[in-house]
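> Okay, here's the prediction I keep looking at, along with the sequence it came from:
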Amino acid sequence: MGPLFAPELGIRGAVIDLRATFPDFDEVVKNLYPAVFRSLSYQGSVFGVHFDANFAMTGFQRDDILQQHGIGSLDTWDDVRKALPKLQANGSNLSLAWQLTTDLYEDVNMFMWQHGGDDYTPDLKASGYDQPEAIRGFTEYVELYTKHGIDRASPQIQAFADGSLFYFIQQPPWYSNLLVAHPQLQGKWSVVQVPGTVRDGVLHRESSVAGNALAIFRSSNMKEEAWSFIKWIISEPIQVEIAKRTLASSAGRLVLPADLNALAKVDLPERDIEVYKKALAEGTTSIYGLVAPRHRRRYLQFAAEEAILLNVSPEEALVKYAEEHNFEIKKKEVEYARFIQKLLEEQRK
């Protein structure tokens, strides 16, 4: 399942707290990239384990187009904004991963995280959307569309191939898609980390990283066997084998291991592996709060649509939906109170 759904089931008592149940939990998961546990955990309980890294966002850039226009690396969003006018004047643009779709929250989160914001306040008791850091990130995101005219909707791989996109952000499987669909581009593009934001003198390049997760049902009569299976599938040899077999047998597909040691052994160029390692090390993922993932994400979608399509100021749009988020958080605290109390009692035992 998607990692945020494991705590949804865990709080209700449908799946077990793996850390509390299995004494070797921390040792077993020590080589997995850690960011996803923000999504898989609540109040110290961990309800799932991720077994791939197939939602790590990176940039794909047309090196030949950038070189043709005398543009070097795009390490920061300031670099991007400086490069855009020249490239757009020559018919090439940039695309964020999800454009104006229902999944645009991943793009918005990237800017929020880079500015130090988040979906919730650190205690998970209130929305983080009305905090200054989140508003700065959201404003930067919106203005890429409203002031800088980045691409709102196009088939990314096709547009990348014909040059109407010089850069787009996407997940690892797009890497293999490009190799198979457009071999004529070989040597003309590269995978890179997403641009970042300089904050307090440090370049922050947080972007969304996640993976598919496994959980164990409380009603299962084979919990130990299930845990053995999880340990097997996240072990380094099996992680390497899954990645290699997928590349070898399924053209256009790529499965990146969740095990960081296994990642170094995937049949990809060393430079590209380093990019993915850095993306996983510096990336993060949605923190779990009590509001259901789809509900919380739609607040960002609605705010973005109002700001980009209806010319509402970014701060006004985001604060409006922070209020709705706060209202829903308070409702869920009441609704889930008995579940959370039971969960904490089980932890104490």
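Yep, it's here. Fair warning: this is a prediction, and the values are worked out from it, not measured in the lab.

> Find the nearest non-adjacent residue to residue 238, please.
residue 232 (6.0 Å; Cβ to Cβ, 6 or more residues apart in numbering). Heads up, the C-betas are built off the backbone N, CA and C, glycines and all.

> And the helix or strand hosting that neighbour, what does it pack against?
Using DSSP states H and E, residue 232 sits within helix 223-233. Helices and strands touching helix 223-233, by 3 or more Cβ pairs under 8 Å, 6 or more residues apart in numbering; DSSP states H and E, are helix 18-21, strand 213-214, helix 236-249.

> Report the buried residues of the longest helix seen in the chain.
If you go by DSSP state H, the chain has its longest helix at helix 314-335. Residues 314-315, 317-322, 324-326, 328-329, 332 are the ones in helix 314-335 that count as buried (16 or more other Cβ atoms under 10 Å).

> With pLDDT and distance to residue 126 as new columns, can these be given to me in CSV?
CSV is the format used below for those (pLDDT from 0 to 100; distance: Cβ to Cβ, whole Å):
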residue, pLDDT, distance to residue 126
314, 98, 20
315, 98, 17
317, 98, 18
318, 98, 14
319, 98, 13
320, 98, 15
321, 98, 13
322, 98, 8
324, 97, 12
325, 97, 8
326, 98, 6
328, 97, 11
329, 97, 7
332, 95, 12
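
> Closest to residue 220 out of those?
residue 332 (26.9 Å; Cβ to Cβ).

> pretty sure that closest one contacts residue 291?
Yes: the pair residue 332 and residue 291 passes the contact test of Cβ atoms under 8 Å, sitting 5.8 Å apart.

> Do a quick rundown of the helices in the stretch 1-150 of the chain.
5-11, 18-21, 25-28, 37-40, 63-68, 77-89, 105-114, 132-146 (DSSP state H, counting those that start in this stretch).

> Contacts for the last one, please.
The list of residues contacting helix 132-146 from outside it, by Cβ atoms under 8 Å, 6 or more residues apart in numbering, reads 77, 80-81, 96, 100, 107-108, 110-118, 128-129, 150, 152, 197, 300, 303-304, 307-308, 311, 314-315, 318-319.

> Restricted to buried residues, select these in ChimeraX.
To isolate the buried ones among the contacts of helix 132-146 in ChimeraX, judged by 16+ other Cβ under 10 Å, type:
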select :77,80,81,96,100,107,108,110,111,112,113,114,115,116,117,118,128,129,150,197,300,303,304,307,308,314,315,318,319
